[in-house]
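Enquirer: Test case, fold it:
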Amino acid sequence: MSKVLIRDKRNLILRVFSLLIAGFLVTSFVSYYASKMSIRGAIIEQELPLTSDTIYSEIQKDLIRPIFISSMMGSDTFLRDWVLNGESDISRITKYLKEVEQRYGAFTSFFVSERTKKYYHAAGILKYVRESEPRDVWYFRVRNMAEPYEINVDPDLAHKDTMTIFINYRVLDYKGRFIGATGIGLTVDAVRKLMEEYQKRYQRDVYFVEKSGKIALFANRSGQPAENIRSIEGLGAQADVILKQGAGSYQYESGGKSHLLNVRLIPELKWYLFVEKIEDQALVGIQNALYLNIAICICISAIVLFLTSLTINRYQVSLEEMAATDSLTGLYNRHVFDALMPQAISEAKRSKKSLITMLIDIDHFKTINDSFGHITGDQVIKDIASLIRKNLRASDIVFRWGGEEYLVILKDCPISDAQAIAEKLRASVEEIALPLDNPSAKSTLSIGIAALRSDDSPDDMIVRADAALYTAKNRGRNCVCNDSVI
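Expert: Okay, here's the model as predicted:
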């Protein structure tokens, strides 16, 4: 096989492989990006809003309930009457606050009187509030605000400064005048556990943000969360827009990952609920599918490449056989002779061994064609070719030289042995019946033999073998002559 053919075959296989890989990869990536956009749309338009609604319902059950309790305390006639009657019996208010804690499972409950500035707790008077005390700023803020309540995160003095979420409710007398502040508290850790539960249940990051952008509460977000959303990479650039617009869906890049965010206002808490999901987590399934498709693509391409190579090799072998052999007899043709004969002469001269060229012709073949037709003539040519191969050695090479002529190369064969082989071949053909309508019809061979001489070229040997064949025909055909007796 020539280097050009090998290179062309390699290039063809590489092109086929490249087209297959490119087709599979384009299909896989188009499918991946279509699925990615579909999943992203579903997360933004359906999953996150639905999760926000569901968490809001949970918040109403778990976190809004304390607001209702504080509201009930703020409008409780017992509490207002006790204050208006001079706060005379402290045991009554402490008992009341204790019952609130026990009945509703509050972490703490309190009442601060505007008249006496006493801070009542379930265990008694905790302290007196003063405007000069930084820890009492919340009370004077509540006293001056227009809203009925606020939610505030502060350390609880009654419980060793445990961080507590207080619902501070304004208490008004029957004429609408401010007489104090009451409410209950939940530990931040307890609320965080609720949020962790939401997060685990819905597989989303959940946190609360004040209208100022400060992160009020968070669960276990990856890494220590910032104090303000403006400090979060990617999210900070959109913080003002988000806080201004409030409810909506947003997207930002942080840490090399795409975050999908849904925001809604919790009016009861006056906080924004942020529910977000890292897009990469949602894409794990289709990413694995993409990797699987690529692996399948490579395997299929490799199989196709193997089958293509196998098919090309088979066709190439067939084409080479067609180019090298005679289609009727299956013998080598003259094109192969031109390639093999110089090599055989060179080897014989180098090894100083004999080389014989034998030219064979079917006698009176034209008469066979004219009498019995070309189909019968072709069959005669095939049968004699088969007989020639059977009577030669494995190392000998047979060619179809012309219409009814054959050429044989005998390697390492003395002239005497070549003469004997030729005689045996001639006698074998003479003895067999040919595929003719007349069973007694016979065909014979005339054979010319030429031995290699030191200065011979391929053409020289053919010329002398042809001359020997011509001599055999002049002697009456059906005989063998060699160039030494011409």
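Enquirer: which residues of the stretch 351-486 of the chain fall in strands?
Expert: Under the criterion DSSP state E, counting those that start in this stretch, the stretch 351-486 of the chain contains strands at 355-362, 397-400, 405-411, 445-451, 480-482.
Enquirer: Those into a markdown table, with extra columns for distance to A239, mean pLDDT and mean neighbour count?
Expert: C-beta: built from backbone N, CA, C; applies to glycine. Output for the strands of the stretch 351-486 of the chain, formatted as a markdown table (distance: least, Cβ to Cβ, whole Å; pLDDT from 0 to 100; neighbours: other Cβ atoms under 10 Å):
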| stretch | distance to A239 | mean pLDDT | mean neighbour count |
| --- | --- | --- | --- |
| strand 355-362 | 96 | 94 | 25 |
| strand 397-400 | 90 | 92 | 21 |
| strand 405-411 | 93 | 94 | 22 |
| strand 445-451 | 102 | 94 | 26 |
| strand 480-482 | 108 | 93 | 24 |
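Enquirer: got those as a markdown table, with distance to H374 columns?
Expert: Listed next are these as a markdown table, based on distance: least, Cβ to Cβ, whole Å:
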| stretch | distance to H374 |
| --- | --- |
| strand 355-362 | 14 |
| strand 397-400 | 16 |
| strand 405-411 | 17 |
| strand 445-451 | 20 |
| strand 480-482 | 28 |
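Enquirer: Out of the ones you listed, flag the one nearest T164.
Expert: Proximity to T164 (Cβ to Cβ) singles out strand 397-400 among the strands of the stretch 351-486 of the chain, at 105.2 Å.
Enquirer: Packing partners of that closest one?
Expert: Judged by 3 or more Cβ pairs under 8 Å, 6 or more residues apart in numbering; DSSP states H and E, strand 397-400 is in contact with helix 334-351, helix 374-390, strand 405-411.
Enquirer: just checking, A122 touches I90?
Expert: No - the criterion here is Cβ atoms under 8 Å, and A122 misses it with I90 at 11.4 Å.
Enquirer: Which one, of the strands of the stretch 351-486 of the chain, ends up nearest to F166?
Expert: Nearest of these (Cβ to Cβ): strand 397-400, 107.9 Å.
Enquirer: Can you tell me what sits against that closest one?
Expert: 326, 328-329, 331-334, 336-337, 340, 344, 381, 385, 388-389, 392, 406-409, 411 (Cβ atoms under 8 Å, 6 or more residues apart in numbering).
Enquirer: A122 and I90 - which one has more neighbours?
Expert: Neighbours were counted for A122 and for I90 using other Cβ atoms under 10 Å; A122 has more, 20 against 13.
Enquirer: can you pull the pLDDT of K95?
Expert: With respect to pLDDT, K95 scores 95.
Enquirer: Would you mind listing where the stretch 151-300 of the chain has pLDDT under the threshold?
Expert: 220-225, 268, 280-291 (pLDDT under 70).
Enquirer: which one of the helices and strands packed on strand 397-400 lies closest to V142?
Expert: helix 334-351 (108.0 Å).
Enquirer: angle of that closest one against strand 405-411?
Expert: 20 degrees (axes from the mean of the first three to the mean of the last three Cα atoms, to 10 degrees).
Enquirer: how close does D455 get to K349?
Expert: Counting by Cβ to Cβ, to the nearest Å, the gap from D455 to K349 is 10 Å.
Enquirer: cool, A216 as well?
Expert: 103 Å.
Enquirer: higher neighbour count, these two?
Expert: Comparing A216 with K349 by other Cβ under 10 Å, the one with more neighbours is A216, at 20 against 14.
Enquirer: and the more buried one, that's in a helix?
Expert: No - applying DSSP: H, G, I helix; E, B strand; the rest coil, one finds A216 to be strand, outside a helix.
Enquirer: Run through the residues that contact it.
Expert: A216 touches 153, 207-210, 271, counting by Cβ under 8 Å, 6+ apart.
Enquirer: go with 10 Å
Expert: A216 makes contact with 151-153, 165, 188, 191, 207-210, 269-272 under the criterion Cβ atoms under 10 Å, 6 or more residues apart in numbering.
Enquirer: Just the CA atoms from the helix or strand harbouring L273 would do, formatted as CSV, please.
Expert: Using DSSP states H and E, L273 sits within strand 271-278. This file holds the C-alpha atoms of strand 271-278, laid out as CSV (Å, rounded to 0.1, in the frame of the first residue of the first chain):
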residue,chain,number,x,y,z
TRP,A,271,-38.5,42.2,56.8
TYR,A,272,-37.7,40.9,53.3
LEU,A,273,-37.6,37.2,52.9
PHE,A,274,-34.7,36.2,50.7
VAL,A,275,-34.9,32.7,49.2
GLU,A,276,-32.1,31.7,46.8
LYS,A,277,-30.7,28.7,45.1
ILE,A,278,-27.3,28.1,43.5
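Enquirer: Tell me which other helices or strands that strand touches.
Expert: Where contact means 3 or more Cβ pairs under 10 Å, 6 or more residues apart in numbering; DSSP states H and E, strand 271-278 is packed against helix 48-62, helix 188-202, strand 205-210, strand 215-218, helix 239-245, strand 248-254, strand 257-266.
Enquirer: ok now the fourth one, how far from the chain's centre?
Expert: Meaning strand 215-218. The chain centroid and the centroid of strand 215-218 are separated by 40 Å under Cα atoms, centre = their mean, to the nearest Å.
Enquirer: In that strand, which residues are buried?
Expert: Within strand 215-218, the residues that count as buried by 16 or more other Cβ atoms under 10 Å are 215-218.
Enquirer: cool, the first one as well?
Expert: Of the residues in helix 48-62, 48-49, 51-52, 55-56, 58-59, 62 count as buried by neighbour count, 16+ other Cβ under 10 Å.
Enquirer: Equivalent analysis for stretch 146-154, please.
Expert: 148-152, 154.
Enquirer: May I have it exported as PDB, CA atoms only?
Expert: Extracted in PDB, the C-alpha atoms of stretch 146-154 (Å, rounded to 0.1, in the frame of the first residue of the first chain):
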ATOM      1  CA  ALA A 146     -46.400  55.500  64.900                       C
ATOM      2  CA  GLU A 147     -46.600  51.800  64.200                       C
ATOM      3  CA  PRO A 148     -48.300  49.500  66.800                       C
ATOM      4  CA  TYR A 149     -45.200  47.200  67.100                       C
ATOM      5  CA  GLU A 150     -41.700  46.500  66.100                       C
ATOM      6  CA  ILE A 151     -39.400  43.500  65.900                       C
ATOM      7  CA  ASN A 152     -36.000  44.000  67.400                       C
ATOM      8  CA  VAL A 153     -33.000  41.800  68.000                       C
ATOM      9  CA  ASP A 154     -31.300  42.600  71.300                       C
END
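Enquirer: Many thanks, I have nothing further to ask.
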